[in-house]
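J.: Build the 3D model from these lines:
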Amino acid sequence: MEQIYMIVALWLFLAIISAIIAYHLNISVSLIEICVGMVVATIAELFGVTDFLGADNQWLKFLASAGAILLTFLAGAELDPTVIKTKVKEITLLGLVGFSAPFVGCSLLAYFILNWSLQASLLCGVALSTTSVAVVYAVLLGNGLNKTEYGKGILGACFVNDLATVIALGLIFSPFSYKTIIFIIATIISLIFLPAYTKRLTKIYANHTAAIRTKWIIFILFGLGALASWAGSEPVLPAYLVGMILAGSAAKDTKWIKRLRTLTIGFLTPFYFLRAGMLVSLPSLVIAPVAFLVLIGGKIISKIFGLYPLVGLFKKDRKERWYYTLMMSTGLTFGTISALYGLTNNIITETQYSYIVAAVIASAVIPTIIAGIFFLPKHQLDKNTLKDKLQIKECESIEEG
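T.: All right, here's what the predicted structure looks like:
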């Protein structure tokens, strides 16, 4: 047991260092954790102590996966149903284009420029077509845009994008089976009854039994996650849907959301983001960078060319357009999962896997740093701060009355 405690202590120490660096650089801590993971893994490989990090331990993989699931749930819970209804056209159009542009662009680059096989090229296109709800939500949470209609629109578009990615991966490489049908039916039934049962359980037990609502939500998330894995899908997909379904009730209890967020970001997500960085071998990229540069350039450029003109239909401010586009140029969870699926099923080689994962992780860092430094729409934050102040004054005047 002492080895487990040592590894956890080491990873949490790295998380603390990442938080300090993120504070001084004014960059999202999740991005710094990815970068720290890359550097630490490189140093460990240099000294031949990679096993000491424990990144391949099953229990650590579980903590990382749990962090991704809960963070994705929180991202879904941030969505305001009213706002989403008014933005259906926006999030659907941008989500589908955000998927199709890099899927086509990166598949063609891999096939014609890198001379990969057709199957490997299509897998590459799927992996690089993704966004990262986890990264985007963590970044928006860090700067406060998660509370704005603008930020919620970005999250909605990211979800549509990733949903299209999951469907494409299933249709191209793993055709629907009876397991898929069972998973879909079970998820739909759960989502239909979940709001009513959650409301009843909260009303009867929430104020009398220790954290029963948190236990209930985590039970649902892990239960559906297990079913998704059994069906060959991804556990974070039902987590986002559960968050969306419960978004209305969650918004009414901000204290509960804050406590769950503290558990998730304070303990679980550092394992997810640090491990994501450790998957990249920097020496391999330095020795042979061409394929990596082609893939990361292909993803970001195709995203920009596909999305930026269309974002202009909904956002007139220049910074808003660029920030929206760059946030949707990220990738992490579904990208690495798609690449791992390809490696496991012998669709791509280990070398191709390394290039794809490196490009996926780089897309989680590069666009978000550029967006945060040069295109952060601060006026959206100012509007939201003013809105909060007006709501506080209104509540105070009602209380005085």
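
J.: residue contacts, the closest residue to T264 other than its chain neighbours?
T.: Leaving aside its chain neighbours, T264 sits nearest to L70 (4.3 Å; criterion: Cβ to Cβ, 6 or more residues apart in numbering). Where you see a C-beta, it was placed from the backbone N, CA and C, and this is true even at glycine. Applying Cβ atoms under 8 Å, 6 or more residues apart in numbering to L70 gives the contacts I218, L221, A239, L260, L263, T264, L268, T269.

J.: now, among those residues, which is nearest to V97?
T.: Nearest to V97 among the contacts of L70: A239, at 24.5 Å, using Cβ to Cβ.

J.: secondary structure class for that closest one?
T.: What DSSP: H, G, I helix; E, B strand; the rest coil gives for A239 is helix.

J.: Please report how far it lies from F73.
T.: Distance, A239 to F73, by Cβ to Cβ, to the nearest Å: 4 Å.

J.: returning to that earlier point: how about the secondary structure of the residue nearest to T264?
T.: With three-state DSSP as the criterion, L70 reads helix.

J.: can you give me the mean pLDDT across stretch 43-54?
T.: Average pLDDT, stretch 43-54: 88.

J.: ditto for stretch 141-156
T.: 89.

J.: And for that stretch, what's in contact with it?
T.: So stretch 141-156 is in contact with 22, 28-30, 75, 78-80, 83-84, 87, 90-91, 95, 133, 136-137, 140, 261, 265, 314-315, 320, 324, 327-328, 372, 376-377, 380-381, 383-384, going by Cβ under 8 Å, 6+ apart.

J.: now with 7 Å?
T.: Residues from elsewhere that reach stretch 141-156 (Cβ atoms under 7 Å, 6 or more residues apart in numbering): 28-29, 75, 78-80, 83-84, 87, 90-91, 133, 136-137, 140, 320, 324, 327, 376-377, 380-381, 384.

J.: if you look at those, which of them are in helices?
T.: 29, 75, 83-84, 90-91, 133, 136-137, 140, 320, 324, 327, 380-381, 384 (DSSP state H).

J.: and which of those residues is nearest to D162?
T.: Closest to D162, out of all of the ones in helices among the contacts of stretch 141-156 and judged by Cβ to Cβ, is V133, at 6.3 Å.

J.: That closest one contacts L163, correct?
T.: No - the pair V133 / L163 is not scored as a contact, 10.3 Å apart, by Cβ atoms under 7 Å.
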